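> what shape does this take:
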Amino acid sequence: MSEMTLPYAPAEEHAATSYLDEGHTVLSWLLTTDHKRIAILYAVSITFFFFIGGIAIGLVRLELISPTGWFMTSDEYNRAFSIHGIIMVWFFLVPSIPATMGNFVLPMMIGAPDVAFPRLNLLSWYLYLIGASFTVYVLLSGGVDTGWTFYPPFSSNYSHSSVIPAAIGVFVVGFSSIATGVNFMATIHLLRAPGMTWFRLPLFAWSMYVVSMVMVLATPVLAMSLLLICAERLFGLPIFDASVGGDPVLFQHLFWFYSHPAVYIMILPAMGVVSEVFACFARKRVFGYAFMVYALLVIGVVGFMVWGHHMFVAGQSPLANLIFSFLSFIVAVPSAIKVFNWTATLYRGQIGFEAPMLYALGFLGLFTIGGLTGLFLASVPIDIATTDSYFVVAHFHTIMVGGTVSAFMAGIHYWWPKVTGRRYHEFAAQLAAITMFLGFNLTFIPQFIMGWLGMPRRYHFYPDVFQVWHVLSSGGAAMLAVAYLLPLAYLGWSLFKGDRAGDNPWGATGLEWQTPSPPPKQNFLRPPRVTSAPYQYHDAGRTREEGEQAPIAGQEGAR
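Numbering: from 1, shown residues only. Predicted coordinates:
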């Protein structure tokens, strides 16, 4: 079979230098078009904002230890939870996995030398920074008090905080998401290695493809709704103000038409990450690969049809409530398929409990809890009873934060040896994974209970009967802080003192593991050719014998 030529120079003419050696100046990083370096730039940026958002909610949890508060005014409390939500949703959760692991791993997974549009990739990071600069301005100017949802008429007519800079920051970072989505779709369509058919794509690549479609189609609606808020606030246009003929419910329709698909922007990449991790550490092929692909596609499509379940108490007709309730139950079906298939993948596997697997198992538990409580909220009577309570807060965080962050950490630990060429301290990583899972449940199970008992969210003061639950929740938040700080310590240590990882320390089968660690700038020394389906691990979960070469997806030219 003749060698197929890909759009980059093949073979040994390239020196096998690491991408980290392609320039050491600040300018070489700020002007890079290497997808791997851009992924690291994103990782540094979102980590910074993750801790800013974490500090904000840490102050909130400290304040809620006392039923009457003890160091914040009610206005300061509103601003703290608002900036927490805005930063965590749009500056961490949405870009977390696509912009970091997606950027770094996706081209290598499909045998490409880079993304389709490297300069657009760099531009997307600069757009993120521009949007983030508006958020920094909001922090320095006193904050915003509208909550992360910017609901009018408060946001458009009555708030005296920095609403417009906050909205502009989210507006700009939306274009970063769109640029990333366009780039990933083009990359998967145009730059797959010879033999990499659609049903030979790893599930992480499929998740990036589906989430890219959602980002490209949904994000403009968010941008439009935020522009309308700014227009009404600046020019007094009668768009959402009911007193002059506007309709505040219109904003909710526009906002949730984006923001419910945004749930899947956060969770679909997480599903892709844990699929890779489960297959590797169970030493088994993913059970029902085709069903997993179709489940991703169905989630992406039906996710656009369920936004109205956020509005059961907003004045919708009973018929609309019934339809959105039904569709919300329907979208749970492909999610359940994925849970069952992951469980079947683990069944009779030779499971290793390394840190990536512990984080992935934590994802499975939290995603299941969040999904089951989502069924409660899909039921109109229960949703009406629990709307704007801590039950909703706990459900949202269990899915979005617990699920997404667990998968994010699983991916960081799984691909860390490939990114850096170093191994981290395994026991410290396992301790962090267990601490995170326990801390998360200690934080949010009390909130489920409080919400079921009637504790409303966003309240600064609360009845004494709820204090014990708030104290437990704040204790869990302290555990989470430890679990998030530990990886900074041991991953930072590994950069200088960690053992050399080798090219494929996990014995994984993906194309990204058939390159040197860290990879060269062009990813592969020769163009790879894919000859088999993904996840070619041993049958029945048997581990590799000592010294035996792991089966690989690209048998020709990967190195």
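> distance-wise, check the nearest residue to residue 95 once chain neighbours are set aside relative to residue 404.
Once flanking residues are discounted, residue 95 sits nearest to residue 46: 5.9 Å by CB to CB, 6 or more residues apart in numbering. C-beta coordinates here come from the backbone N, C-alpha and C atoms, glycine included. In this view, residue 46 and residue 404 are 12 Å apart by CB to CB, to the nearest Å.
> report pLDDT for residue 21.
On the pLDDT scale, residue 21 is placed at 89.
> neighbours of it, how many?
Residue 21: 11 surrounding residues under other CB atoms under 10 Å.
> next: residue 384.
Applying other CB under 10 Å, I find that residue 384 has 11 neighbouring residues.
> residues in contact with it?
Residues near residue 384 by CB atoms under 8 Å, 6 or more residues apart in numbering: 312-313.
> quick check: phi and psi on it?
phi -60, psi -40 (degrees, to the nearest 10).
> repeat for residue 18
In terms of degrees, to the nearest 10, the main-chain angles of residue 18 are phi -70, psi 150.
> distance of it from residue 35?
Residue 18 sits at a distance of 14 Å from residue 35 (criterion: CB to CB).
> how about residue 237?
Applying CB to CB, the value for residue 237 to residue 35 is 42 Å.
> of the two, who's got more company?
residue 35 (25 against 15).
> so the more buried one sits right up against residue 117, yeah?
No: with contact defined as CB atoms under 8 Å, residue 35 does not reach residue 117; the gap is 10.3 Å.
> number of residues surrounding the residue nearest to residue 95?
23.
> need the three-state assignment for it.
On the three-state scheme (DSSP: H, G, I helix; E, B strand; the rest coil), residue 46 is labelled helix.
> I'd like the numbering to begin with 58 instead of 1 from here.
Got it, the first residue is 58 from now on, which makes the last one we talked about residue 103.
> OK, contacts around it?
So residue 103 contacts 148-149, 152-153, 156-157 (CB under 8 Å, 6+ apart).
> now residue 195
With contact taken as CB under 8 Å, 6+ apart, residue 195 is in contact with 140, 143, 201, 219, 222-223, 226.
> before we move on, which element is it in?
In this assignment (DSSP states H and E), residue 195 forms part of helix 175-197.
> just give me the neighbour total for the closest residue in space to residue 540 that isn't next to it in sequence.
Excluding the flanking residues, the one nearest residue 540 by CB to CB, 6+ apart is residue 493, at 3.7 Å. Using other CB under 10 Å, residue 493 has 25 other residues around it.
> what strand or helix carries residue 493?
Element membership for residue 493 (DSSP H and E) is helix 483-510.
> what is the mean pLDDT for the very next helix or strand once past that helix?
Sequence-wise, the next helix or strand downstream of helix 483-510 (DSSP H and E) is helix 524-554. If you average the pLDDT over helix 524-554, you get 96.
> for whatever helix or strand comes next after helix 524-554, packing partners?
As assigned by DSSP H and E, the chain's next helix or strand after helix 524-554 is strand 586-587. With contacts taken as 3 or more CB pairs under 8 Å, 6 or more residues apart in numbering; DSSP states H and E, strand 586-587 sits against strand 611-613.
> where does pLDDT dip in this structure?
Along the chain, the model assigns pLDDT under 70 to residues 58-73, 595-616.
> how about 50 then?
58-72, 597-616 (pLDDT under 50).
> so which of the contacts of residue 195 is the most crowded?
residue 223 leads these on contacts (other CB under 10 Å) with 29 neighbours.
> if we can go back for a sec, which positions in the helix holding residue 195 come out as buried?
175, 178-182, 184-185, 188-189, 191-192, 195-196 (16 or more other CB atoms under 10 Å).
> residue 184 contacts residue 227, correct?
No: applying CB under 8 Å, one finds residue 184 not in contact with residue 227, separated by 11.9 Å.
> okay, buried residues for the helix holding residue 493 please.
Buried residues in helix 483-510 (16+ other CB under 10 Å): 485-490, 492-494, 496-509.
> which neighbours do residue 103 and residue 461 share?
Common contact partners of residue 103 and residue 461 (CB under 8 Å, 6+ apart): residue 153.
> can you show me the helices along the stretch 58-207 of the chain?
Ranges of helices in the stretch 58-207 of the chain, per DSSP state H, counting those that start in this stretch, are 83-87, 92-120, 131-143, 153-154, 160-166, 175-197.
> any idea how far the closest residue to residue 352 other than its chain neighbours lies from residue 130?
Spatial nearest neighbour of residue 352, chain neighbours left out: residue 391 (3.7 Å); criterion: CB to CB, 6+ apart. Computed as CB to CB, the residue 391 to residue 130 distance reads 45 Å.
> same drill for these two, tell me which one is more crowded.
Neighbour count, other CB under 10 Å: between residue 391 and residue 130, residue 391 has more, with 20 against 10.
> in this structure that one contacts residue 356, no?
Yes: here residue 391 reaches residue 356: they are 5.0 Å apart, a contact under CB under 8 Å.
> how far away is the closest residue to residue 444 other than its chain neighbours from residue 317?
Closest residue to residue 444 apart from its sequence neighbours, by CB to CB, 6+ apart: residue 370 at 5.0 Å. Computed as CB to CB, the residue 370 to residue 317 distance reads 16 Å.
> those two: which has the busier surroundings?
For residue 370 versus residue 317, the count of surrounding residues by other CB under 10 Å is larger for residue 317: 20 against 13.
> what's the strand or helix carrying that one packed up against?
Element membership of residue 317, judged by DSSP H and E, is helix 305-339. Packing partners of helix 305-339 (3+ CB pairs under 8 Å, 6+ apart): helix 153-154, helix 260-292, helix 346-359, helix 375-403, helix 412-435, helix 461-477.
> looking at the ones you listed, which is buried most?
helix 153-154 (a mean of 29; mean count of other CB atoms under 10 Å).
> what is it packed up against?
Packing partners of helix 153-154 (3+ CB pairs under 8 Å, 6+ apart): helix 305-339, helix 461-477.
> how far out from the middle of the chain is that helix?
Helix 153-154 sits 4 Å away from the centroid of its parent chain (CA atoms, centre = their mean, to the nearest Å).
> so what touches it?
103, 323, 326-327, 329-330, 461-462, 464-465, 468.
> then stretch 474-485?
With CB under 8 Å, 6+ apart as the test, stretch 474-485 has contacts from 75, 93, 97, 161-162, 411-412, 470, 473, 543, 546-548, 550-552, 555-559, 562-563, 569-570, 572, 574-576.
> do stretch 252-265 as well
Residues external to stretch 252-265 that are found in contact with it (CB under 8 Å, 6+ apart): 155, 158-159, 162-163, 166-168, 241, 245, 249, 266, 325-326, 328-330, 332-333, 343, 346-347, 349-350, 353, 567, 586-592, 610-611.
> now the buried members of the residues you listed.
Among those, those classed as buried by 16+ other CB under 10 Å are 155, 158-159, 162-163, 166-168, 241, 245, 249, 266, 325-326, 328-330, 332-333, 343, 346, 349-350, 353, 567, 586-588, 590-592, 610-611.
> re earlier: now distance to residue 448 too, for the helices and strands packed on helix 153-154, in a markdown table please.
Below are the helices and strands packed on helix 153-154 laid out as a markdown table (distance: least, CB to CB, whole Å):
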| stretch | distance to residue 448 |
| --- | --- |
| helix 305-339 | 17 |
| helix 461-477 | 20 |
